[in-house]
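>>> just the structure for this:
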Amino acid sequence: MTVSSLAVEIAAPTQHVRELVCTYRPLRDPAGRVVAASALSLSTPQIAAAALAPLIADAFEQGALSVGPPYFNAMFLLPMLPLLALVSLGTFARWKRGQLEVSRRRLWGGLVLAVVLGLALVMGLYGDRSLLGPIGVVLGVWIILSSLVDPVDRLRRGLSLPPAVLGMALAHIGLGVITVGITVMEVTMVERDVALRPGQEVTLGSYTFRFEGTEEADGPNYAAIRGRVIATHENGAETELLPERRNYFVSGQVLAEAALGVNWRRDLLVTLGEDMGGESWALRLQVRPLMRYVWLGSALMALGGLVATLDKRYRRRRERVDEKDRAPGGLPLKAAEA
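Model prediction:
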């Protein structure tokens, strides 16, 4: 490979991005695939490095190494954010003949509406002022709005809604919901490790956690110490949480069983730690907003894939393939040749 040909190969994704975003020239599916593959290729070694770095450090006795926040979040999202933007653009493109020019008004209208709704959600409702929060939520909302354009347009014109179109819309909506849920959870989650005696309380976000004490609790194959924590929201609503520290008879392991308080706005998590002496216990408290939406988005993506497979066009295509593989007498082609 010559230097000039190598330069052309390296510059190809950049040219595709420029045509895709800046000039609104014809969007062809191979161009989007090149950009998506480039983003995924960049994220793969970063995930591998994050997974292997602690093991390598431990093997060379370099001590404990953490590659979580803020390194992992920043390095992983760097290639993922353009990929999410490409998903929104891709919903307006058809196979090898899509024109972004004819959808320019819908494209920009959806982006402007996504910016307004995203900023209202992450800054108005949750009060986040970081850079990651608004960008991630705006992209997630943009994906959702873009996914609704084609189904709504078909229904408005009185056209049918094939399972392939409905499934694609559901899957993309699920991706948008996951993006919003993960972004809001990451930028607004609060966590604190505390040591409390019975009757003491601590405030975390909009919740006040009061430690009521511990009691013995036996299970079928373990003996446990069960804590009781009351989480009170600033509006007065209370949630009882019962974390346990279990000692299993057979294995002799002592494991902490976290207590969860869930609804569609947030998850509360309390873990009971070690006995600190003097009736004081170590507790880990977490408030995770929109955690349920991560699971909801995953379910929508799975449902979308299932619905898309029900499209009759796929079955007709399989029937045509089977007909080509048969001999004139009706026998499979390989059997007829034998």
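>>> C-alpha only now, for contacts and for neighbours.
OK.
>>> where do the strands sit along the stretch 201-338 of the chain?
201-204, 207-218, 222-233, 238-241, 244-248, 254-257, 259-262, 266-277, 280-289 (DSSP state E, counting those that start in this stretch).
>>> now do the first one, average pLDDT.
Model confidence over strand 201-204, given as mean pLDDT, is 93.
>>> show me what counts as buried in it.
201, 202, 204 (16 or more other C-alpha atoms under 10 Å).
>>> swap in the second one?
When neighbours are counted by 16+ other C-alpha under 10 Å, the buried residues of strand 207-218 are found to be 207, 208, 209, 210, 211, 212, 213, 214.
>>> so where's the stretch 101-250 of the chain shaky on pLDDT?
Along the stretch 101-250 of the chain, the parts satisfying pLDDT under 70 run over 101-103, 128-129.
>>> related to what we said a few turns ago, now the strands of the stretch 201-338 of the chain in CSV, with distance to residue 104?
Below are the strands of the stretch 201-338 of the chain laid out as CSV (distance: least, C-alpha to C-alpha, whole Å):
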stretch, distance to residue 104
strand 201-204, 45
strand 207-218, 45
strand 222-233, 45
strand 238-241, 48
strand 244-248, 56
strand 254-257, 52
strand 259-262, 41
strand 266-277, 37
strand 280-289, 35
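>>> any idea which of these gets closest to residue 143?
Checking the strands of the stretch 201-338 of the chain against residue 143 by C-alpha to C-alpha gives strand 280-289 as the closest, at 20.5 Å.
>>> rewinding a little: closest one to residue 295 out of the buried residues of strand 201-204, please.
When the buried residues of strand 201-204 are ranked by distance to residue 295 (C-alpha to C-alpha), residue 204 comes first, at 24.2 Å.
>>> that closest one bridge partners, please.
In this structure, residue 204 bridges to residue 207 when assessed by DSSP bridges.
>>> so how far is residue 283 from it?
Using C-alpha to C-alpha, to the nearest Å, residue 204 is found at 13 Å from residue 283.
>>> residue 312 too?
According to C-alpha to C-alpha, residue 312 stands 55 Å off from residue 283.
>>> so the two - more neighbours on which side?
Taking other C-alpha atoms under 10 Å, residue 312 and residue 283 do not tie; residue 283 has more neighbours (21 against 13).
>>> so who does that one touch?
Listed by C-alpha atoms under 8 Å, 6 or more residues apart in numbering, the contact partners of residue 283 are 193, 194, 195, 196, 270, 271, 272, 273.
>>> let me have the residues you listed in CSV, adding distance to residue 116 and neighbour count as columns.
As requested, those are exported to CSV (distance: C-alpha to C-alpha, whole Å; neighbours: other C-alpha atoms under 10 Å):
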residue, distance to residue 116, neighbour count
193, 36, 13
194, 38, 14
195, 42, 19
196, 43, 19
270, 35, 27
271, 38, 21
272, 41, 26
273, 43, 21
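>>> and those residues as TSV, adding distance to residue 250?
Converted to TSV, those look like this (distance: C-alpha to C-alpha, whole Å):
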residue	distance to residue 250
193	30
194	31
195	30
196	31
270	26
271	23
272	22
273	21
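>>> closest to residue 154 among the residues you listed?
The closest of the contacts of residue 283 to residue 154 turns out to be residue 270 (C-alpha to C-alpha; 47.6 Å).
>>> chain neighbours aside, what residue packs nearest to that closest one?
The spatially closest residue to residue 270, leaving aside those adjacent along the chain, is residue 285, at 4.8 Å (C-alpha to C-alpha, 6 or more residues apart in numbering).
>>> give the bridge partners for that neighbour, please.
residue 192, residue 270.
>>> quick one: classify residue 138 as helix, strand or coil.
The three-state assignment at residue 138 reads helix, by DSSP: H, G, I helix; E, B strand; the rest coil.
>>> my guess is it contacts residue 113. True?
No. Residue 138 lies out of contact with residue 113 (C-alpha atoms under 8 Å); the separation is 9.1 Å.
>>> these two: who's more crowded?
residue 138 (28 against 15).
>>> next, count neighbours for the closest residue to the more buried one other than its chain neighbours.
Closest residue to residue 138 apart from its sequence neighbours, by C-alpha to C-alpha, 6+ apart: residue 118 at 4.6 Å. Here the count is done by other C-alpha under 10 Å, and residue 118 has 23 residues near it.
>>> could you say which helix or strand holds residue 118?
helix 104-119 (DSSP states H and E).
>>> quick one, what contacts residue 172?
By C-alpha under 8 Å, 6+ apart, the neighbours of residue 172 are 143, 144, 147, 301.
>>> hmm, I typed the wrong one, I wanted residue 167.
Counted by C-alpha under 8 Å, 6+ apart, residue 167 has contacts 303, 304, 305, 306, 307, 308.
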